[in-house]
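> Can you look at this prediction? I've put the sequence above it.
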Amino acid sequence: MPTRYLIVGQGVAGIAAAEAIRAADAAGEITLLSDDPHGYYSRPGLAYYLTGEISRAHLFPWRDEEFAHMRLGRVQGQARALDPAEHRLLLTNGAALPYDRLLLATGSAAVRPNLPGIDLPQVVTLDNLADAERILALARKAHSAVVLGGGITALEIVEGLHEHCRRVHYLLRGERYWGNVLDEAEGRIVLERLAADGVQVHFHTELAAIEEKRGRVAGVLTTTGKRIPCDLVAAAIGVAPRAELARAASLQVDRGILVDEFLRSSAPDVYAAGDVAQVYDTLVGKALLDTLWNSARSHGAAAGQNMAGGSVRYVKPTPLNVTRLAGITTTIIGSVGSGRDADLVGIARGDSELWRHLGQALVAEDEHAVNRLRLLIGPSTLIGAVLMGDQRLSLPLQRLISEQTDITPIRAQLLAPHAPLAALLTHFAEGTR
Ligand SMILES: Cc1cc2nc3c(=O)[nH]c(=O)nc-3n(C[C@H](O)[C@H](O)[C@H](O)COP(=O)(O)OP(=O)(O)OC[C@H]3O[C@@H](n4cnc5c(N)ncnc54)[C@H](O)[C@@H]3O)c2cc1C
């Protein structure tokens with residue numbers, strides 16, 4: 001009898017698992033279940049779909065032929081309950097799907113703030129393609145929109161709405177944008193560009209209520225007593241793992257489904273991967289959530305191999321996030337937050353002077369209105385980096401940071417005042433390749 005693999009979720013974690021299973025087990029029956037009628041598509045791509053930079057078709061990396069070629073069965077439906085003892089999954093339509101190995105790759109969902117008016121139809125979050133289409137439809141008719149949230153998704157919505165809607169208000173709780181990742185200067189660059197584009201940024205402002213008129217959003221009231229008229233409200237204040245199935249089936253769940261370094265949950269033959277999984281990290285000795293596309297893909301690949309009989313230990317890769325902030329391509333590598341480690345030295349160069357040391361620097365300056373590099377330097381290695389604008393150092397830095405290359409030979413030079421960071425790093429990276 002072929003092994004029956006059931007994967008709940010057709011996101012990147014589920015697909016990566018299916019690929020890994022098929023590579024290891026040519027005969028297994030693989031079924032992917034999804035409650036999203038659109039199946040597998042790029043969630044990060046939704047930001048570019050909102051701004052109109054890519055078409056809907058570009059969101060879909062696989063065609064039907066790819067699924068057929070890999071012999072992956074697809075079922076559209078919503079899982080309602082998991083019965084680990086009987087090895088079966090119950091769907092809301094009454095069907096029961098039996099399995100030998102199950103993967104829960106159900107992702108995460110945007111948290112909705114608890115506020116008066118939050119259930120009005122013009123209040124939106126951005127999790128999936130249906131949300132993006134709803135936002136687009138509403139934005140085309142809206143005169144004024146309010147967006148709240150301090151991270152990437154909030155900014156993506158701001159930029160998307162700005163393309164379609166006359167006035168966009170962006171509400172920030174404090175005075176910094178994404179303060180747990182970006183430093184003050186990086187955050188300021190982003191906000192200044194938004195303001196220059198005509199987005200109205202409101203600092204130290206939170207929502208108190210959403211006002212309604214004839215069943216529609218009419219405006220918002222802020223905690224500072226201000227009233228902003230608007231016909232659309234978007235919230236991106238964080239995500240929560242979709243762990244309800246696991247919780248109801250008494251699997252061990254903290255914020256996400258707790259899994260060991262082999263992606264195994266507390267129930268036999270049940271694995272979890274992606275945004276929903278809280279994976280045990282042997283290096284730090286605790287289970288961590290990691291809601292990034294790259295991590296979801298790596299989780300899925302490891303889980304798939306293990307479901308097919310392998311024994312692959314998931315080792316958290318160096319964090320990497322390539323994104324665009326207010327039109328500036330930004331790569332964030334490793335640890336860059338406001339860690340208070342006395343051994344760490346942070347240096348930053350915002351001056352485009354820096355880039356003149358590279359060949360074709362003039363081209364780089366033309367292409368990128370903003371170039372900025374921040375390095376987090378440990379006692380003998382690079383710990384993290386943020387690159388805004390010119391991305392030519394991105395790959396060398398990814399390698400130096402992930403391989404923990406000993407930078408002792410250039411550490412003092414890097415730290416010297418006005419050091420030509422780009423030239424030093426390029427030369428050093430070439431020499432250590
Ligand atoms: C707008 C947006 C922009 C983003 N930008 C970036 C970025 O720039 N960089 C980055 O690293 N990450 C980004 N992310 C995060 C990244 O997309 C996620 O980390 C990644 O998609 C998680 O993959 P996943 O497979 O775990 O879950 P998902 O891709 O969320 O897939 C979950 C799947 O589970 C299904 N499902 C859930 N519950 C059930 C159920 N009960 N029954 C049946 N099916 C169910 C869903 O239909 C879906 O198919 C972004 C996310 C969004 C929404």
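Looks like it came in fine.
> Checking Ala81 next. Helix, strand or coil?
Of the three states, Ala81 takes strand under DSSP: H, G, I helix; E, B strand; the rest coil.
> I'd assumed Leu90 was in contact with it.
Yes. In this structure, Ala81 is within contact of Leu90 by C-beta atoms under 8 Å, at 4.4 Å. No exception for glycine: its C-beta is placed from N, CA and C like everyone else's.
> Name the nearest residue to Leu148, sequence neighbours excluded.
Closest residue to Leu148 apart from its sequence neighbours, by C-beta to C-beta, 6 or more residues apart in numbering: Leu171 at 4.5 Å.
> For the ligand, give me its nearest residue in the stretch 301-433 of the chain.
Thr323 (4.2 Å; C-beta to the nearest ligand atom).
> Please name the residues that touch the closest residue to the ligand within the stretch 201-350 of the chain.
Going by C-beta to the nearest ligand atom, the ligand is nearest to Gly274 of the stretch 201-350 of the chain, at 2.1 Å. Neighbouring residues of Gly274 by C-beta atoms under 8 Å, 6 or more residues apart in numbering: 9, 11-14, 105-107, 295-296, 299-300.
> what do you get for Leu397?
The contact partners of Leu397, taken as C-beta under 8 Å, 6+ apart, are 331, 333, 382, 385, 387, 425, 429.
> Dump the host helix or strand of it to CSV, keeping only the CA atoms.
Taking DSSP states H and E as the criterion, Leu397 maps to helix 394-402. Extracted in CSV, the C-alpha atoms of helix 394-402 (Å, rounded to 0.1, in the frame of the first residue of the first chain):
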residue,chain,number,x,y,z
SER,A,394,23.7,41.8,-0.5
LEU,A,395,25.1,38.4,-1.7
PRO,A,396,28.6,38.8,-0.3
LEU,A,397,27.1,39.9,3.1
GLN,A,398,24.6,37.0,3.1
ARG,A,399,27.6,34.7,2.7
LEU,A,400,29.9,36.3,5.3
ILE,A,401,27.1,36.5,7.9
SER,A,402,25.6,33.0,7.3
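> what stretches of the chain score poorly on pLDDT?
Residue ranges of the chain with pLDDT under 70: 338-344, 346-369.
> Please list the residues of it that sit near the ligand.
Proximity of the chain to the ligand is confined to 8-14, 33-36, 43-44, 46-47, 78-79, 105-107, 126-127, 152-153, 156, 242, 245, 274-275, 291-294, 296, 321, 323 under the rule C-beta under 6 Å from any ligand atom.
> redo that, cut-off 5 Å
Applying C-beta under 5 Å from any ligand atom, we find that the chain lies next to the ligand at 9-13, 34-36, 43-44, 46, 78-79, 105-107, 126, 242, 274-275, 291-293, 296, 323.
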